[in-house]
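Undergrad: okay, here's the prediction I keep looking at, along with the sequence it came from:
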Amino acid sequence: MEKFIYDGENKSTAKNISPYLIDAPNVFIESRKTPICNVPDMITGNRPADGGNLIIEDKDLEAFIKADPLSEKYIRPFMGAEEFINNKKRWCLWLVGVSPSELRKMPEVLKRVELCRQDRENAPDAGRRKLAETPTLFRETKNPETFIIVPRHSSENRMYIPLGFEKSSTIVNDAVLIVSNGALYHFGILTSNVHMAWTRVICGRLKSDYRYSRDIVYNNFPWAQADEKQQSEISILAQAILDARANHPEDSLADMYGKVHNGIFMGLDYYPHLKKAHKALDSAVMKLYGFPTKPEFTETHCVAALMEMYQKMQTAI
């Protein structure tokens, strides 16, 4: 019996209709705690669990430092998906390693710490109440030297989920996932059309927006074998994307990767150098995977091929 897949007004014949409603093997992607390939671990950002008391809004920053000048050395940029994608500034008190004698010299900081302690003491769950013993600290204190930042939620109206690099000077919250000490090569693969095709099919959804997950999307993604020369080429092309973005420091990633109207991805059209950089990277990653770059090789074909790779990797474990 013939099988068909419908996409709007388009109809195509399928050999097999998978659980993801594409022409692919009957493979169901299950949760994994570690990557299926030899790549760096992805982890969740830091949960403040502070009742907002260790966070400083940008509009309050100047007054806070003026009232408590010694606090400035402990104030760091604070970033989640909203801040990262939209160029919004927020700050936090990052008091890792602060001594009691230093704290006593910072009355405004002490007020915030005490409010954090009270918030945690009054929490309904025992785990959060336990955190009242360390009111100067976030629930987690992950702070790698460099990391790739991946928003956990992002608009479906983007061809690419905006990813980027940050350093230890920035503290991230749990609205993002991070790849600690990830290299340009890893960034290049993750921001490519191959990984985006996988993500669009495999990821969860919040309403209709992308809900990227470590255990489902990242840990199951089949990475191609790449030698040093191939990794170097992709790294150079990945850097070109970052360089193209850096030419527009006042524009947000929401501007660069937005969709304007009528289903057309317009954001990149206003940034031709960035669009060109993405196309060059996409082509190199497709070549690495052995995928044709012809228009008839669609995202569906790409995901079907990735599913076959995944199935072989899963069988070999």
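TA: Ah, there it is.
Undergrad: tell me where the stretch 201-317 of the chain has strands.
TA: 204-206, 209-211 (DSSP state E, counting those that start in this stretch).
Undergrad: spatially nearest residue to Leu190 (excluding sequence neighbours)?
TA: Leu163 (5.8 Å; CB to CB, 6 or more residues apart in numbering). Every C-beta, even on glycine, is put in place using the N, C-alpha and C of the backbone.
Undergrad: got the domain ranges for this protein?
TA: The record's domain parsing of the chain by automatic domain parsing lists 3-43+144-316, 47-133.
Undergrad: can you report how many residues lie near Glu228?
TA: Glu228 has 8 neighbours, counted by other CB atoms under 10 Å.
Undergrad: check contacts around it.
TA: Contact analysis of Glu228 by CB atoms under 8 Å, 6 or more residues apart in numbering lists nothing.
Undergrad: quickly note the distance from it to Tyr210.
TA: Separation of Glu228 from Tyr210 (CB to CB, to the nearest Å): 32 Å.
Undergrad: same check, this time on Gln239
TA: 25 Å.
Undergrad: and those two? Which one has more around it.
TA: Tyr210 (22 against 16).
Undergrad: contacts only, for the more buried one.
TA: Tyr210 neighbours (CB under 8 Å, 6+ apart): His153, Ser154, Ser155, Glu156, Ile161, Thr199, Arg200, Cys203.
Undergrad: that one - nearest residue in space that isn't next to it in sequence?
TA: Ser154 is the one closest to Tyr210 (CB to CB, 6+ apart), at 4.8 Å.
Undergrad: repeat for Ala280
TA: Closest residue to Ala280 apart from its sequence neighbours, by CB to CB, 6+ apart: Leu237 at 5.3 Å.
Undergrad: circling back to that earlier point, identify the residues contacting the residue nearest to Tyr210.
TA: Counted by CB under 8 Å, 6+ apart, Ser154 has contacts Ala81, Ile85, Ile161, Pro162, Asp209, Tyr210, Tyr212.
Undergrad: distance to Glu299 and pLDDT for those residues - can I get that in TSV?
TA: Rendered in TSV, the data for those read as follows (distance: CB to CB, whole Å; pLDDT from 0 to 100):
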residue	distance to Glu299	pLDDT
Ala81	24	96
Ile85	23	95
Ile161	14	94
Pro162	19	95
Asp209	18	85
Tyr210	14	88
Tyr212	17	95
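Undergrad: of these, which belong to helices?
TA: Ala81, Ile85 (DSSP state H).
Undergrad: which of the contacts of Ser154 lies closest to Ser99?
TA: Proximity of the contacts of Ser154 to Ser99 (CB to CB) peaks at Ala81, which lies at 33.5 Å.
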